[in-house]
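Novice: Sequence and predicted structure are below.
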Amino acid sequence: MAFSLVFDLPLLGLLPVLPTSVAVLFFVILLSTVLLLRLGGGSSSSSSPPSPPRIPIIGNLHQLGSLPHHSLAALSREYGPLMLLQLGRVPTLVVSSKEMAEEVLKTQDLVFASRPHSKAAAGIVHGGRPIAFSPYGEYWRQARKIAVVHLLNSHRVQELRPAREAEVARLVRKISELSSSPGSVVDVSRVLSLSTCSFFCSAALGMSGMEEGATREITELVSRGSAVIGGFQVETFFPGLAWLGKFTGMDARLAELARRWRAVLNRVLEEAASRRKRGAEERGFLDVLLALGMDDAAAATGVVPSADVMKGILQTMISAGTDTTRLTLEGALEELVKNPAAMNKAQEEVRAAVQGRPMVAEDDVSRMSYLKAVIKETLRLHPPVPLLIPRESMKATQIQGYEIPAKTRVIINAWAIARNPDYWSSPEQFRPERFLQSCIDFRGSDFQFIPFGAGRRICPGINLANATVEMALANLLYHFDWSLPEAMSVANLDLGEERGLTTHKKQSLLLVPASIAVLFFFILLSTVLLRRLSGGSSSSSPPSPPRIPIIGNLHQLGSLPHQSLAALSREYGPLMLLQLGRVPTLVVSSKEMAEEVLKAQDLVFASRPHSKTVAGIVPGGRPLAFAPYGEYWRQARKIAVVHLLSSHRVQELRPAREAEVARLVRKISELSSSPGSAVDVSRTLSSFTCSFIFRAALGMSGMEEGATREITELVAQSSAVVGGFQVETFFPGLAWLGKFTGMDARLAKLAGRWRAVHDMALREAASRRGCRAEERGFLDVLLALGMDDDAAAAAAAGLALDSDGMKTILQETLRLHPPVPLLIPRESMKATQIQGYEIPAKTRVIINAWAIARNPDYWPSPEQFRPERFLQSRIDFKGSDFEFIPFGAGRRICPGINFANATVELALANLLYHFDWNLPEAMSVANLDLGEERGLTTRKKQSLLLVVSLYSCQ
C-alpha cells in the first residue's frame, strides 16, 4: 500500500500537467528514492502560510494544471492570498492579493529582489546572464543601470519616435495589402508578431526595414524561447536533477536555440560595426552600447558592457518587447471586436482627434483618453506575463507572522489580483470606462494592477512598450473597421491559452479589416479635386459642418451613419448640407423638412442617384427601387403596384402566409423541445421570411433549408455591399478603382450567384405556369427588399414581447428600428429652393427616418419602447405622417407596405400566441445589446437568442 501511494498518485496527478515528461519523472523517482526521506509528506507547519495537502515527492505540482495562473487563483480562493506550495523540491509562496503584493514588492522589496536560477533562460540567452532572470547582485545592478539610464530613458524613447511611426506605417500598409479584397480574413496574430518584432529589432539593433525572412526567424525564436522558459522543466522543481536534460533532449534544444540566437546577433553586430566605420549616425540600442564601450567617462564609472553583456541585453530587449507588445495589441483587438460599443467609442475618439490626416501621430495620442483606458483594461484582463517572473527570498523573513525561509520562490499572480472582485467591479467584463475617472496606473504604485511588476524588478521597458502599443493601436483603429469572419460569431470567439512565460493563444486571431487606406491612395492620385472643392458652404446654402480638403465631411459619417448624422443635425439643424467626397448631400432630419422634400417638392426629388453596386448585383442592372425617375421606373412601378402588390393580391396570398407561419411555429417548437435551450431567433426568422417571399413570388412552397440558407446569405451580403463604403459612391469619377480593390469582382460574384438562383426558380415556375424571363427584375425587389425588411422588423419586435396591442407593437418597433434608417437616397432633378436655401440639381438627399422617429419634439420619451403611444393616435406609417416614415413617402414610397405589414402581423401574432419568451439564464435585460452593423438595412452584429417555452391553453 505504501508503494502504491508513492507510485500511483503522482501518475494520476501529473498526467494532465506533464504530458511530455511523465516517464522521465518516474525514472527519476525510481533512481532517487532518497528524496522521499528528505521531503515532508504532510502539510506545512503552523508557522508557515496556509498550504493545500501535498503528495509525496511532487508536493503540489499536480495542482498547477495546464494554466497555472487559473489553477493558482482557484486555490487562493480556498487557502487565502498568501499560500505556500511545495512544487517538487521547491517551497513556493503564492501571492494573490494587492495587500500581500505590496508587502513583497514594496515593504520587503529588497528581501525578495532576487530571482531563482533558470537553466532554460541561462541556456538560451547569450552569455548565460539574462537581465530579467539574473539574481540580485552587482552584475544585475550594472546591467539594469545600462538599460534604464542609457537605453530606456524617456529621452531615448522619444528619439525612437520616427522608428515607431515608420514601423506602424509599414504595419498599416501590410494589412491594407492583405485586405485589398473585401471580406479577406487576416491572421492578425501573425501580422502583429512580425511587426512588433521588426520594430524592436529596429530599436535594439538599428536595422530598419528588416527582411521578412529574418523577422520571421527572430519571431519564431522569441516564441520558442517563451514556451521553453515557461514550460515544465524537471530541473525547475527538482534542481538536483538538472543533469537529466542530457537524456530528455532539453539541453540539446537549449543549445540549438542559443546557437541560432548567436548567429543572428553576430550578424547584426558585424553590420552595426561596419555602419559605424562608414560614419553612420547612432540608430539603435546596439549603437548606444558600442559607444559606451568606447566612452572614457563610462569606463570610469564601470558601466562598460562586454560583447557578451551587449548581446544578452539586446536579446532580452527583443524577446521581451516583441512578445508582450504583440500580446497586448492582440488582446485589445480581440476585446474590442467582442465589445462593439467600446470599438465604436475608441474609433470615434481616434478619428475625431486625427481629422482625416493620413496617419495618427504620437502627439494625437495624448488626447485619446479612451484609447489609453482600452489599453489599461486589456492589460488588466490579459497581463502578458500573468504570474510575473518568479522572485526568490534572499534571507528568512516574516509576512503577517508567517515564517518565510531563505531561498523560497515567490510567484505573484498578477492575473488573479487584476480580476479580484474586492478591487474591481464586474472584474470579468471588459469595461475601459472604469479607468476614465481613476488614477490607477500600471507603473508599479497601484498593487491591484501590476502587469509589469513593481519595485526593484519592475519591467524597465514600460515607457517604450506603452508608446509602441498606443501608436500601433491608434492607427489600427483609425485606418480599419474590424469584424469577425462570416462563419464566426462573438459567442464562439475563444482563442484559448497556451502555457508559457507569456500567455500565447492556442489559435490565431483572425479578423476582417475594412480599410479606409484606399481613400488616401486615390486622394494622392486625384489632387486635382482639391481645386474643384469648396472649403465651406456659401451663404445661400444650408448650414454645413467644416470640411476637410478632398474628403469633405466623409470622416463624420462614422460606423453607423444614421446615428452620426443625427448627432450632427442637433448642432447644424434639420436641413444640413454635407460634402461627401465629390457629392453634395442634403441631410433631412425633421418632419417639416421631410414633408417639404417628400410632398411639397416630391417630383423635384423623385429620382435616385446611380448606384454601381446595386446595378452590378441585380441581373439586367435595372433595380426598381434604385432606378432613376423616368419612363422605365413609371412602368415598372405600375406593374408592381397594380399587378403584384395590390390589396387583392395581398389577400390572395393569405393561405401562403398562414402555411409558412405554421411551418415557423413548428420549427420553433422543435428547436425549443429541450427545456431552457436558447433559440437563434434571428436565423429562424431569416429562413421564414426567405421561404415565404419565394413562395409568394414564385409559388415554390417548402424550399429546402440549404437553398433558404444560401439566399439568406446572399441578401445579407448584398445589403452590406450596397450600404457599405464604396469609393465610387462618393467619388463617381473613380469607379475604375473597383478593378483594383476587388469590388468589381465581388459584385460580379454576387450577381452570378443571384443569377443562378433566379434561373433555377424561373425554370421551376415556368414548368408549372409558363413564367416569362421578363419577370426577373420584380423577383429581385421581392427577394432583396421584402425579405430584409420583414426579418429586421420581426427580429426587432422580438426584443419587447411583453406588451399588449399587436398593431401598436409593430408600429413602435418600426419607429425605434426602421429597417432602412436613412431610407434610400433621392436626387434632385433640377435646382430648387428649400426655406430660402439654394439646392443645386444632382444634389443627393438623405432622409434620416431614424432620427426623425426619435425626435423628442414629436415623441415624448423617444428612446423608450411604449406601444401605448399609438393606441389613441392616428399616426401611421403609410406616408402621410412625416414624423413616422419607415417606408418613405411620396412617389418613391415602398410599394410593398401592405404585403410586408400583413406578413409581420400574422407571424408576430402567432409567435406571441404559441410561445412564452425569455432571455437565457446568463443574460439580463440590462446587458442585452446586439449592436448594429453598417448596411442598407440595420442588421444586428449578434443573433437574438431567446429561451422559448410552448404555451398551453389548458
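Specialist: Happy to help now that I have it.

Novice: And Leu945, its phi and psi?
Specialist: Leu945 has phi and psi values of phi -110, psi 120 when expressed as degrees, to the nearest 10.

Novice: Name the nearest residue to the most centrally placed residue in the chain, ignoring sequence neighbours.
Specialist: Central residue of the chain (Cα atoms, centre = their mean): Val337, 2.1 Å from the mean position. Using Cβ to Cβ, 6 or more residues apart in numbering and skipping residues adjacent in sequence, the residue nearest Val337 is Trp482, 5.6 Å away. The C-beta positions use only the backbone N, C-alpha and C, and glycine is treated the same way.

Novice: following the strand or helix carrying that neighbour, which helix or strand comes up?
Specialist: In this structure, Trp482 sits in strand 480-483 according to DSSP states H and E. Next in sequence after strand 480-483, counting helices and strands by DSSP H and E, comes strand 510-515.

Novice: Go ahead and measure how far that following strand is from the middle of the chain.
Specialist: 9 Å (Cα atoms, centre = their mean, to the nearest Å).

Novice: try stretch 548-565
Specialist: Here stretch 548-565 is found 22 Å from its chain centre; the criterion is Cα atoms, centre = their mean.

Novice: mean confidence score for that stretch?
Specialist: The average pLDDT for stretch 548-565 rounds to 88.

Novice: Equivalent analysis for stretch 324-332, please.
Specialist: This predicted structure assigns stretch 324-332 an average pLDDT of 94.

Novice: Can I get it as CSV, trimmed to CA atoms?
Specialist: The C-alpha trace of stretch 324-332 is given here as CSV (Å, rounded to 0.1, in the frame of the first residue of the first chain):
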residue,chain,number,x,y,z
THR,A,324,4.5,41.5,-24.6
THR,A,325,3.7,44.2,-27.1
ARG,A,326,2.2,41.8,-29.6
LEU,A,327,0.0,40.1,-26.9
THR,A,328,-1.3,43.4,-25.7
LEU,A,329,-2.3,44.6,-29.2
GLU,A,330,-3.8,41.2,-29.9
GLY,A,331,-5.8,41.2,-26.7
ALA,A,332,-7.1,44.8,-27.3
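
Novice: what's the distance between it and the middle of its chain?
Specialist: With Cα atoms, centre = their mean, you get 12 Å for stretch 324-332.

Novice: what's the answer for stretch 591-598, then?
Specialist: Worked out by Cα atoms, centre = their mean, stretch 591-598 lies 39 Å from the chain centre.

Novice: on that earlier part again, show me what the strand holding Trp482 is packed against.
Specialist: Taking 3 or more Cβ pairs under 8 Å, 6 or more residues apart in numbering; DSSP states H and E as contact, the helices and strands that strand 480-483 lies on are helix 307-338, strand 510-515.

Novice: Kindly compare burial across the ones you listed and name the winner.
Specialist: helix 307-338 (a mean of 24; mean count of other Cβ atoms under 10 Å).

Novice: before we move on, back to that, now the residue nearest to the centre of the chain: how far from Leu598?
Specialist: Counting by Cβ to Cβ, to the nearest Å, the gap from Val337 to Leu598 is 39 Å.

Novice: same question, Lys407
Specialist: Distance from Lys407 to Leu598, by Cβ to Cβ: 82 Å.

Novice: Please say which of those two ends up with more neighbours.
Specialist: Remark: of Lys407 and Leu598, Leu598 carries more neighbours, 26 against 13, as counted by other Cβ atoms under 10 Å.

Novice: any idea which helix or strand carries the closest residue to Ser96 other than its chain neighbours?
Specialist: The shortest distance from Ser96 to any non-neighbouring residue, by Cβ to Cβ, 6+ apart, is to Ser76 (3.7 Å). Here Ser76 sits within helix 68-79, counting by DSSP H and E.

Novice: Whichever helix or strand comes after that helix packs against which elements?
Specialist: Using DSSP H and E, the helix or strand that directly follows helix 68-79 along the chain is strand 82-87. Applying 3+ Cβ pairs under 8 Å, 6+ apart, we find strand 82-87 packed against helix 68-79, strand 90-95.

Novice: residues in contact with the first one?
Specialist: Residues outside helix 68-79 that contact it (Cβ atoms under 8 Å, 6 or more residues apart in numbering) are 50-52, 63-65, 83, 85, 94, 96-97, 386-387, 411, 413, 415-416, 419, 499, 503.

Novice: Do me a favour and average the pLDDT over that helix.
Specialist: 95.

Novice: What residues of that helix count as buried?
Specialist: 68-73, 75-76, 79 (16 or more other Cβ atoms under 10 Å).

Novice: With stretch 471-489 instead?
Specialist: 471-484.

Novice: ok, now stretch 48-67?
Specialist: The neighbour-count check on stretch 48-67 (16+ other Cβ under 10 Å) flags 48-52, 54-64, 67 as buried.

Novice: Which pLDDT does the model give Ile412?
Specialist: 98.

Novice: Show me the strands in the stretch 301-450 of the chain, by range?
Specialist: 391-392, 397-399, 402-404, 409-412 (DSSP state E, counting those that start in this stretch).

Novice: Partner strands of the longest one and their direction?
Specialist: So the one you mean is strand 409-412. Strand 409-412 has the following strand partners under DSSP bridges: strand 90-95 (parallel), strand 391-392 (antiparallel).

Novice: Out of those strands, which is closest to Ser426?
Specialist: Checking these against Ser426 by Cβ to Cβ gives strand 90-95 as the closest, at 23.7 Å.

Novice: I'd like the distance from the closest one to the chain centre, please.
Specialist: How far strand 90-95 lies from its chain's middle: 37 Å, per Cα atoms, centre = their mean.

Novice: Tell me what angle that strand forms with strand 82-87.
Specialist: Calculated by axes from the mean of the first three to the mean of the last three Cα atoms, to 10 degrees, strand 90-95 forms an angle of 150 degrees with strand 82-87.

Novice: Flag every buried residue along the helix or strand following strand 90-95.
Specialist: For strand 90-95, the succeeding helix or strand toward the C-terminus, using DSSP H and E, is helix 98-102. Residues 98, 100-102 are the ones in helix 98-102 that count as buried (16+ other Cβ under 10 Å).

Novice: Switch those over to JSON lines; also include distance to Ile175.
Specialist: Output for the buried residues of helix 98-102, formatted as JSON lines (distance: Cβ to Cβ, whole Å):
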{"residue": "Lys98", "distance to Ile175": "38"}
{"residue": "Met100", "distance to Ile175": "43"}
{"residue": "Ala101", "distance to Ile175": "38"}
{"residue": "Glu102", "distance to Ile175": "41"}
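
Novice: out of those, who's nearest Leu747?
Specialist: Lys98 (56.5 Å).

Novice: Quick check: that closest one vs Ile411, distance?
Specialist: 15 Å.

Novice: swap in Ser949?
Specialist: Distance from Ser949 to Ile411, by Cβ to Cβ: 48 Å.

Novice: Mind checking which of these two has more residues around it?
Specialist: More crowded of Ser949 and Ile411, by other Cβ under 10 Å: Ile411, with 21 against 12.

Novice: Would you check how far apart the more buried one and Pro130 are?
Specialist: 18 Å.

Novice: got it, and His562?
Specialist: For His562, the distance to Pro130 - Cβ to Cβ - is 55 Å.

Novice: More neighbours: these two, which one.
Specialist: Counting neighbours by other Cβ under 10 Å for His562 and for Pro130 shows that Pro130 has the greater number, 26 against 23.

Novice: Correct me if wrong: the more buried one contacts Lys119.
Specialist: No: judged on Cβ atoms under 8 Å, Pro130 makes no contact with Lys119 at a distance of 11.4 Å.

Novice: sorry, back to before: please name whichever of the strands of the stretch 301-450 of the chain is nearest to Glu349.
Specialist: strand 409-412 (33.1 Å).

Novice: ok, and what's touching that closest one?
Specialist: With Cβ under 8 Å, 6+ apart, strand 409-412 has contacts from 72, 87, 90-95, 101, 104-105, 112, 116, 387-388, 390-393, 450, 453.

Novice: so what's Leu510 up against?
Specialist: Contacts for Leu510 (Cβ under 8 Å, 6+ apart) come out as 185-188, 484-485, 488.

Novice: Distance-wise, check Leu580 relative to Pro862.
Specialist: 27 Å.

Novice: Nothing else from me, thank you.
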